[in-house]
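Asker: sequence and predicted model, in that order:
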Amino acid sequence: MTLTMMKLTQHDTHEVPRPRFGTAHVWVESPLQLLSAVETHAAGLLGTDIRIIPRLGMPLEATTQALLKHAPAGVRFEKAARKPPQPKSSSDRYVTGDAYSGKVQRSLLAGVKAKEIIIIDDGLATLALIKQLISETPTPLVRARAKNSAARIAMGLATWHRLRQLAREGRLLIVSALFVDAQTRARMTELGIKFAQHKFEWLSTQPVAESFTEPTLLIGSAMVADQLIHEEPYLQWIEEISADGPVAYFPHRRETPELLEKISKIDQVVLKEHTVPIEMRLRVLRPGQEIRALPSTVIPSLRLLLGPDSRYLYPQAVPDHWWTESTDLELREHLSSSLKV
């Protein structure tokens, strides 16, 4: 395989150097992060020797196998591990998709011997991270929907300071497919945070492996499993959609078997196996097909991949009565932000 350098989009991304050599140790904890790792490498931002290490116990096998067939030269998929790898040389790069991960934060705070820390795309979480990092006030890097202990909050705050230090040293790069406004970019530059944006250029050149015949493609949501919305209105919404014709339902990896069992019994709904990221599965539509979804990171990603056909992507805002009482206003707004990106 030959390494093809993908051109990053946006007029100012040329400011980010393109490494042509060196080793990067990439720790991934989700299928999207795994895809993002390959995209970032194809854009020339990781080096020539890319070692991708999945977190042990995560459902990444299908995505790994799909990417192995066409991955750019230099990518090596290594055995899953319980904790992030530690670069052996100060000339290596340390790459992760989740700066909120407790394992990643412990690793960063223990001291990482690497020339650069790269945070690759993890969807809306990446935008949330940027917002927190550019804050004038130190902000704990913890998940908004989690119940965090005092110790966890303290570690998140220490990680904020650590990443800001790395930025001052010119050693922090963030890569995303999502749009970041000019004001935020200016603040990032002021702090020393480097940024590059891609538009799934590598994936767009790859053959489409799947085709679906159902006229409606419904992207499943984890919000019921995460106890952010009530189950009953979610099921009613699926029933209303399926009343108009056959529906292919693509489960989220966190949806429970109990919920999927109920969805499978809805008339005209065909449950699809959870395999690779939706970005890889639904980037090409057949004539007459449409995509339905609740707010999700996948919405802005699919808008990029579908191009003109993105007009057949219909995201649904979450009605107020769907939210559970424990989902506060700030979290509701964060989860709904994908509709505006």
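Answerer: That came through fine.
Asker: residue boundaries of the helices in the chain?
Answerer: 31-42, 61-68, 102-110, 124-133, 150-168, 182-191, 201-204, 231-242, 257-264, 278-281, 298-306, 329-336 (DSSP state H).
Asker: now the residue minimising distance to the centre of the chain, nearest residue through space, not along the chain?
Answerer: Nearest to the mean C-alpha position of the chain, by C-alpha atoms, centre = their mean, lies Asp122 at 2.6 Å. Among residues not flanking Asp122 along the chain, Gly97 sits closest, at 4.4 Å (C-beta to C-beta, 6 or more residues apart in numbering). Placement of C-beta: from N, CA and C, glycine included.
Asker: show me the contacts for that neighbour.
Answerer: Gly97 makes contacts with Trp27, Val28, Glu29, Ser30, Leu32, Gln33, Ser36, Ala37, Ile119, Ile120, Asp121, Asp122, as judged by C-beta atoms under 8 Å, 6 or more residues apart in numbering.
Asker: roughly how far apart are it and Glu255?
Answerer: 21 Å (C-beta to C-beta, to the nearest Å).
Asker: same check on Ala37?
Answerer: Ala37 sits 24 Å away from Glu255, going by C-beta to C-beta.
Asker: the more surrounded of these two?
Answerer: Applying other C-beta atoms under 10 Å to Ala37 and Glu255 shows that Ala37 carries more neighbours, namely 29 against 19.
Asker: from Ala110, how far out is the more buried one?
Answerer: Following C-beta to C-beta, the distance that separates Ala37 from Ala110 is 22 Å.
Asker: and what of Gly170?
Answerer: 21 Å.
Asker: please apply the same query to Thr40.
Answerer: Counting by C-beta to C-beta - Thr40 and Ala110 are separated by 24 Å.
Asker: tell me which of the two has more neighbours.
Answerer: For Thr40 versus Ala110, the count of surrounding residues by other C-beta under 10 Å is larger for Thr40: 28 against 8.
Asker: just to check, that one is in contact with Asp122?
Answerer: No - counting by C-beta atoms under 8 Å, Thr40 stays clear of Asp122, with 11.8 Å between them.
Asker: so what are the domain limits for the protein?
Answerer: Structurally, the chain divides into domains by automatic domain parsing as follows: 13-204, 216-336.
Asker: wait, which of those domains is closest to Glu210?
Answerer: domain 216-336 (5.6 Å; C-beta to C-beta).
Asker: off-centre distance for the closest one?
Answerer: 16 Å (C-alpha atoms, centre = their mean, to the nearest Å).
Asker: and for stretch 82-98?
Answerer: 19 Å.
Asker: between the two ends of it, how far is it?
Answerer: Terminal residues of stretch 82-98 lie 15 Å apart, using C-alpha to C-alpha, to the nearest Å.
Asker: out of the helices and strands in this protein, which is least certain?
Answerer: helix 61-68 (a mean of 80; mean pLDDT, DSSP states H and E).
Asker: check which helices and strands that helix sits against.
Answerer: Helix 61-68 sits against helix 31-42, strand 75-77, with contacts defined as 3 or more C-beta pairs under 8 Å, 6 or more residues apart in numbering; DSSP states H and E.
Asker: what sits up against the shortest one?
Answerer: The reference is to strand 75-77. Here strand 75-77 makes contact (C-beta under 8 Å, 6+ apart) with Val38, His41, Asp49, Ile50, Arg51, Ile52, Pro54, Thr64, Leu67, Leu68.
Asker: adjacent strands (with direction) for it?
Answerer: Applying DSSP bridges, strand 75-77 is found paired with strand 49-54 (parallel).
Asker: tell me the mean pLDDT over the partner strand?
Answerer: Average pLDDT, strand 49-54: 91.
Asker: between it and helix 61-68, how many degrees?
Answerer: Angle, strand 49-54 to helix 61-68, by axes from the mean of the first three to the mean of the last three C-alpha atoms, to 10 degrees: 160 degrees.
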